[in-house]
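J.: my questions concern the predicted model and sequence given below.
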Amino acid sequence: MPTIGLFIPCYVDQLFPKVGLATLDLLESLGQTVEFPAAQTCCGQPMANTGCVNDARPLARRFLEIFQPYDYVVAPSGSCVAMVRHHYEELLHGEPGFEELKAKTFELCEFLTDVLKIEKLPGRFPHRVGLHQSCHGLRELRLGSCSEVMGPQFSKVKQVLQMIEGIEFVPLTRPDECCGFGGTFAVSEEAVSCLMGEDRVADHEQAGAEVLTANDMSCLMHLDGIIRRQKKPIRVLHVAEILSGSAT
Amino acid sequence: MSPSHSTLADGFIKDKERARWHDQTLWFVRHKRDLAAKSLPEWEDLRVAASAIKMHTQQQLADYLELFERQATKLGAKVHWAADAAEHNRIVLEILQSHGVTRLVKSKSMLTEECHLNPHLEKHGIEVIDSDLGERIVQMQGMPPSHIVLPAIHLKKQDIGELFHRELHTEAGASDPKYLAEAARQHLRDKFMRAQAGLTGVNFGIAETGGIVICTNEGNADLGVSLPKLHIACMGIEKLIPRAKDLGVFLRLLARSATGQPITTYSSHFHGPRAGGELHIVLVDNGRSQIRASSDYRRSLNCIRCGACMNTCPVYRRSGGYSYNSTVPGPIGSILSPAMDSAKHYSLPFACSLCGSCTDVCPVKIDLHHQLLTWRGEIGKRNQLPLDKKYGMKLARLVLGTSWLYRLSGWLARKIVPRLPRWMIYNRLNPWGKQRELPMFPAQSFREQLKDRQQHKPQPKSQTSSSHGQS
Ligand code: SF4
């Protein structure tokens, strides 16, 4: 039986434990063997995205060391997986085990569709849901088609969410516009970041969403911050929480 | 030090309604582009072809430039070479002075903006009139274009009405676009009639034939060079394509990407000077060879200046072109500008959430957001990062790279932050909290909860353990 190394991004570990537990429960309910290597901290994305490549490198090395023993690495975050798959190249190029690491690291939804190839899930979630397609998952991992590129339409995130009974997707006017989080961008470009976030929330609001979901908790942290400040009646849930049945 | 993008963006967004209007106006253009792209089943193939042609041209640029010069000369054009902006300006001025020109009409050319040609000529007593309507509008305001295709996109029709009332004595309060456009047309007609020379940019130079192609929607390039005998065309060396038959690929992509039109209204071909006239082509490097030499940034020279990356960029749409403080704004400008002066433009690669939309929209497949990320690393290496970023990330590396410190900091934050009074969390020092709440800090981290769960409820079926890689 292959063993999954569960990769829970640092801020999910510290701030959104529910999402980590939902991911673990979901994978286990699908009969998977999952381990959480406790030595893990952060993949190094904040440093790499800020241009501090040398500060990111030791974290990338450490990540490789920690996750090398596993058959798969799965994370409930497109953005952190994109870091490993695309941006570790510059940091770990040529290191033994790196190519394998890239090939075996998956975002949760794509692991469900591409590796486990699941076709059904037991849960029920009778709500009007707005799906925010997080950019890194979308345009780095290609978890779905994006509106700029011509060709067949698909979305791996939606594909698994659709297995949940009763879920109803609301139509957004800008189906894949960025929410404005962008890591340190959210702080260093506060004004633009918040206007983007407000507009994103407004799109979900006009569509009549009760729940706003995404496969990246970072986008949701930013959007939820705006929603709560503005006291909007929208709930924010990570995709894993809906899929695992931990949210009702 | 010049103001950072975020400072200028802050100013623009102060007027939130205007920023939203700007966003929606450009999104409308982006949407039109989507429809136009969708109308061609071969869209993605065209992008691949365009990118391949550009890369091929860059590989053999020296040969193609020589071929172009030979062929253009054969057609009777006079070709000049300018290493940088100063040389370009000098050459243009010399040509004009040797012909005794004091009144020039110019059609839109971002290259002459980049070289700051207008002020140079004006200093030497030459009247320069921009003939593209949008450019003329910002010229009257004494401002540069805020967008490379839609130079006055940041102005509402009321703003233009006021400006025209002041400058062209149109009726006060008039804001009907038709009326205003007619007033501008009359004004420009007079300038066209009196001009002694016409200057244009170049969209495509064809090495095989030595011809140049200029695309406009208003026909102003043609008008500008039709009456005067002297035509000067200024062209960046990256505008070259090998063969006439390559042109079709680019003409199909350009207008669709720029404005969602199937093709620009006027695609004017010039093969040598008109009968009895003179055509001078100025080939300008101004840093392009240097960009071409770098494998990281070479692809950015593929750019055909369609502006699609600006229209799609969620940051550009909400912060406006002037927030980039650079001739070419938006994603592509944020790559080209630091290549010119990274100390001045250090903040531009950070004016980006790395959403990647620009990369996917770009008709010539420039990996824009990857290059922006590469630039961030470069700015870091050159020690041009602001100190808060630099030391912030060093601290982050220490905390996140040390398991116990990471756990301890998280624990402390969860214990302390929820107990603090609001004013201590939400103040000037916390940009996150200005318009957003902090997350609700949970009592325990994921790993703590997991540990508890394993201790209290050993699950025989589950293999979950935290045995691996303990540190
Ligand atoms: S980078 Fe691409 S999208 Fe942007 S202006 Fe150039 S060609 Fe157009």
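T.: Looks like it arrived, so ask away.

J.: return the residues of chain B in contact with the ligand.
T.: Within chain B, the residues that sit near the ligand (C-beta under 6 Å from any ligand atom) are B:257, B:303-309, B:332, B:361-364, B:366, B:368. C-beta here means a position set from N, CA and C on the backbone, and glycine is covered the same way.

J.: can you pick the most crowded of those?
T.: Neighbour counts for the residues of chain B next to the ligand, by other C-beta atoms under 10 Å in any protein chain shown, peak at residue B:308, which reaches 31 neighbours.

J.: pull the contacting residues for the residue of chain A found nearest the ligand.
T.: Per C-beta to the nearest ligand atom, the residue of chain A with the smallest distance to the ligand is residue A:148, at 10.1 Å. Residues in contact with residue A:148 (C-beta atoms under 8 Å, 6 or more residues apart in numbering or on different chains) are B:34, B:312, B:357, B:360, B:361.

J.: and what of residue B:315?
T.: With contacts defined as C-beta under 8 Å, 6+ apart, residue B:315 is in contact with A:189, A:192, A:196, B:9, B:351, B:352, B:353.

J.: the residues of chain B next to the ligand also near chain A: which ones?
T.: residue B:361 (C-beta under 8 Å from any C-beta of the partner chain).

J.: ok, so of the residues of chain B next to the ligand, who is nearest residue B:407?
T.: When those are compared for distance to residue B:407, the smallest value, 38.3 Å, is given by residue B:368; criterion: C-beta to C-beta.

J.: and the gap between the nearest residue to residue A:134 once chain neighbours are set aside and chain B?
T.: Once flanking residues are discounted, residue A:134 sits nearest to residue A:216: 3.7 Å by C-beta to C-beta, 6 or more residues apart in numbering or on different chains. When C-beta to the nearest C-beta, to the nearest Å is the yardstick, residue A:216 and chain B sit 12 Å from each other.

J.: okay, now residue A:216: neighbour count?
T.: Applying other C-beta under 10 Å, we find 29 residues neighbouring residue A:216.

J.: any idea how chain A splits into domains?
T.: What the record gives for chain A is the domain set A:3-115, A:128-244, from automatic domain parsing.

J.: and chain B, what are its domains?
T.: Segmentation of chain B into domains, based on the TED database, reads B:40-286, B:389-452.

J.: and the strands in the chain, which stretches?
T.: The chain I'm using is chain A. Assigned strands in chain A, in chain order: A:3-6, A:33-35, A:72-75, A:105-107, A:128-131, A:168-169, A:211-214, A:235-238 (criterion: DSSP state E).

J.: wait, chain B was what I had in mind.
T.: Using DSSP E, the strands found in chain B span residues B:78-82, B:103-106, B:127-130, B:197-200, B:204-206, B:211-216, B:230-236, B:240-241, B:266-270, B:278-284.

J.: just name the most buried of those.
T.: For the strands of chain B, ranked by mean neighbour count under the definition mean count of other C-beta atoms under 10 Å in any protein chain shown, the leader is strand B:197-200 at a mean of 28.

J.: what is it packed up against?
T.: Contact here means 3 or more C-beta pairs under 8 Å, 6 or more residues apart in numbering or on different chains; DSSP states H and E; on that basis strand B:197-200 packs against strand B:103-106, helix B:220-226, strand B:230-236.

J.: hey, least reliable of those by pLDDT?
T.: When those are compared on mean pLDDT, helix B:220-226 scores lowest, with a mean of 89.

J.: centre of the chain to the helix or strand of chain A with the lowest mean pLDDT, how far?
T.: Confidence across the helices and strands of chain A bottoms out at helix A:45-50, with a mean of 88, counting by mean pLDDT, DSSP states H and E. On the basis of C-alpha atoms, centre = their mean, to the nearest Å, helix A:45-50 is displaced by 17 Å from the centre of the chain it belongs to.

J.: again, but for stretch B:390-409
T.: On the basis of C-alpha atoms, centre = their mean, stretch B:390-409 sits 36 Å off its chain's mean C-alpha point.

J.: list the buried residues in it.
T.: For stretch B:390-409, a neighbour-count test (16 or more other C-beta atoms under 10 Å in any protein chain shown) marks B:390, B:392, B:393, B:396, B:397, B:399, B:400, B:401, B:403, B:406, B:407 as buried.

J.: need those residues in CSV (columns: distance to residue B:82 and pLDDT).
T.: Compiled in CSV, the buried residues of stretch B:390-409 are given as follows (distance: C-beta to C-beta, whole Å; pLDDT from 0 to 100):
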residue, distance to residue B:82, pLDDT
B:390, 38, 83
B:392, 43, 82
B:393, 41, 83
B:396, 46, 80
B:397, 45, 81
B:399, 51, 81
B:400, 49, 82
B:401, 50, 79
B:403, 58, 83
B:406, 55, 84
B:407, 60, 86
